[in-house]
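Enquirer: coordinates only, sequence not included:
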């Protein structure tokens, strides 16, 4: 963002220098009135373009000040937290969701206002484009006049190359656009042919005043269009860059809104009441464990909205030397317990494997209570119904 702002400021300064140099280099006009009119037109056009550049600079600064990206990240993080709460704890914070929606609506209003400002700037850009095209139209209009003079000249001494050069270059000049400008080589070729024709007319004693005037005006119109066309092209790039920034923000806002809507409709996660407990260091299923597994199988909802997370836990006793040959840490032991349960569910109870999620949490669980020496509560596997992510 800061790099873009620096480039805009630098470009404005350079363009001012280029415009000043172009003004100094201009030849004398035919009359003061012509000079006044042309300078006034060019000044109005230049001011409009620079106003547009300053405006887009202000808009970018305003967008940066609002820090929408950071606000998006904060909203996303809060939505994630609420989702985890709903899935794993079976709880919903409605007040927090209302607050998040208000925050999202506020940032969307900021974005909508930014789009309105951009629409106004694009309208000014179109008006500026029309003015630049008008300069090029004047160039081509004068060029047509000069071609008309040559076509009417029936002198046998006039080289046909002059007219053919004018027409060939004019065909290219006539394709000028506000973004790309006018082909400089074609313009120079046309002006050279014009100069050759003026010399020819002068050599025959003809009046060259009208031709001289048209040639000078063509140079003036071309210089004015070319100088402003460069600035206009820069402004187009700035606006395009800003448009991309807004479109990216819009996509982020829509994604956040979809996630918030999905969160509202997401079913609650729930933990099965019974848990399977293990002897210290063991992963074997006892009779109670087998009974609970069969009861659990009969309680699974028929609908396909849930997956089943099987999570193993340990107490905080460090892994002993003998047990360490099998399990490097309590993480591996807890995962072995959940794996043992899952294997029974798949092989004996015929659970569909795509519905099962396996996890191990080591000794990190809320039921750990070494103070009363009841570590059995920590050596467990629990079942949780987790809502499926909607696609």
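Expert: All right, it came through fine. All values reported here derive from a predicted model rather than from experimental measurement.
Enquirer: tell me which element the residue nearest in space to the middle of the chain is part of?
Expert: By CA atoms, centre = their mean, the chain has its centre lying nearest to residue 248, at 3.1 Å. Assessed by DSSP states H and E, residue 248 sits inside helix 209-265.
Enquirer: again, but for residue 149
Expert: Element membership for residue 149 (DSSP H and E) is helix 94-152.
Enquirer: which secondary structure elements does that helix contact?
Expert: With contacts defined as 3 or more CB pairs under 8 Å, 6 or more residues apart in numbering; DSSP states H and E, the packing partners of helix 94-152 are helix 32-66, helix 68-88, helix 160-173, helix 184-203, helix 209-265. Heads up, the C-betas are built off the backbone N, CA and C, glycines and all.
Enquirer: Now find how far off-centre the following helix or strand past the helix holding residue 248 is within its chain.
Expert: Scanning forward in sequence from helix 209-265 by DSSP H and E, the next helix or strand is strand 270-271. On the basis of CA atoms, centre = their mean, to the nearest Å, strand 270-271 sits 40 Å off its chain's mean C-alpha point.
Enquirer: which neighbours does strand 270-271 have in its sheet, and in what orientation?
Expert: strand 380-387 (antiparallel) (DSSP bridges).
Enquirer: would you list the helices and strands packed on helix 94-152 in CSV and tack on distance to residue 289?
Expert: Putting these into CSV (distance: least, CB to CB, whole Å) gives the following:
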stretch, distance to residue 289
helix 32-66, 56
helix 68-88, 23
helix 160-173, 87
helix 184-203, 86
helix 209-265, 35
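Enquirer: where does the stretch 251-391 of the chain have low pLDDT?
Expert: 302-304, 366-373, 389-391 (pLDDT under 70).
Enquirer: ranges for the helices of it?
Expert: Counting by DSSP state H, counting those that start in this stretch, the stretch 251-391 of the chain has helices at residues 287-299, 330-347.
Enquirer: mean confidence for stretch 92-110?
Expert: The predicted model assigns stretch 92-110 a mean pLDDT of 89.
Enquirer: which residues touch it?
Expert: With contacts defined as CB atoms under 8 Å, 6 or more residues apart in numbering, stretch 92-110 is touched by 66, 68, 71-72, 75, 78-79, 82, 85-86, 253, 256-257, 260, 263-264, 268.
Enquirer: same thing but at 6 Å, please
Expert: Stretch 92-110 is touched from outside by 66, 68, 71, 78, 86, 253, 256, with contacts defined as CB atoms under 6 Å, 6 or more residues apart in numbering.
Enquirer: Name the nearest of the residues you listed relative to residue 358.
Expert: residue 86 (21.5 Å; CB to CB).
Enquirer: residues near the nearest residue to that closest one once chain neighbours are set aside, how many?
Expert: Sequence neighbours aside, residue 92 is the residue nearest to residue 86 in space, at 5.4 Å (criterion: CB to CB, 6 or more residues apart in numbering). Counted with other CB atoms under 10 Å, residues neighbouring residue 92 total 15.
Enquirer: Kindly report the same for residue 133.
Expert: The burial count assigned to residue 133 is 15, neighbours taken as other CB under 10 Å.
Enquirer: quick revisit: and the residue nearest to the centre of the chain, how close does it get to residue 114?
Expert: The spacing between residue 248 and residue 114, counted by CB to CB, to the nearest Å, is 12 Å.
Enquirer: Go through stretch 359-368 and flag the buried ones.
Expert: Using 16 or more other CB atoms under 10 Å as the test for burial, stretch 359-368 gives 360, 361, 362, 363, 365, 368.
Enquirer: and which of these is nearest to residue 59?
Expert: Nearest to residue 59 out of these is residue 361 (CB to CB; 49.5 Å).
Enquirer: what sits against the closest one?
Expert: Residue 361 neighbours (CB under 6 Å, 6+ apart): 311, 313, 334.
Enquirer: Looking at these, which one is closest to residue 275?
Expert: Checking the contacts of residue 361 against residue 275 by CB to CB gives residue 313 as the nearest, at 9.0 Å.
Enquirer: So the closest one is in contact with residue 334, correct?
Expert: Yes. Here residue 313 reaches residue 334: they are 5.4 Å apart, a contact under CB atoms under 6 Å.
Enquirer: Could you chop the chain up by domain?
Expert: Domain assignment for the chain by automatic domain parsing gives 2-265, 270-387.
Enquirer: Next, count neighbours for residue 129.
Expert: Neighbours of residue 129 (other CB under 10 Å): 17.
Enquirer: What are the neighbouring residues in contact with it?
Expert: residue 178.
Enquirer: That one and residue 179, how far apart?
Expert: As judged by CB to CB, residue 129 and residue 179 stand 8 Å apart.
Enquirer: cool, and residue 282?
Expert: 76 Å.
Enquirer: Counting neighbours, go ahead and name the busier of these two.
Expert: Applying other CB under 10 Å to residue 282 and residue 179 shows that residue 282 carries more neighbours, namely 15 against 12.
Enquirer: what sits against the more buried one?
Expert: So residue 282 contacts nothing (CB under 6 Å, 6+ apart).
Enquirer: Figure out how far stretch 336-349 is from the centre of its chain.
Expert: The gap between where stretch 336-349 is centred and where its chain is centred comes out at 47 Å by CA atoms, centre = their mean.
Enquirer: Repeat that for stretch 212-227.
Expert: Using CA atoms, centre = their mean, the offset of stretch 212-227 from its chain centre is 41 Å.
Enquirer: which parts of that stretch are buried?
Expert: Neighbour counts over stretch 212-227 (16+ other CB under 10 Å) mark 212, 214-227 as buried.
Enquirer: go on, stretch 168-181?
Expert: By neighbour count with 16+ other CB under 10 Å, stretch 168-181 contains the buried residues 169, 170, 173, 174, 176, 178, 181.
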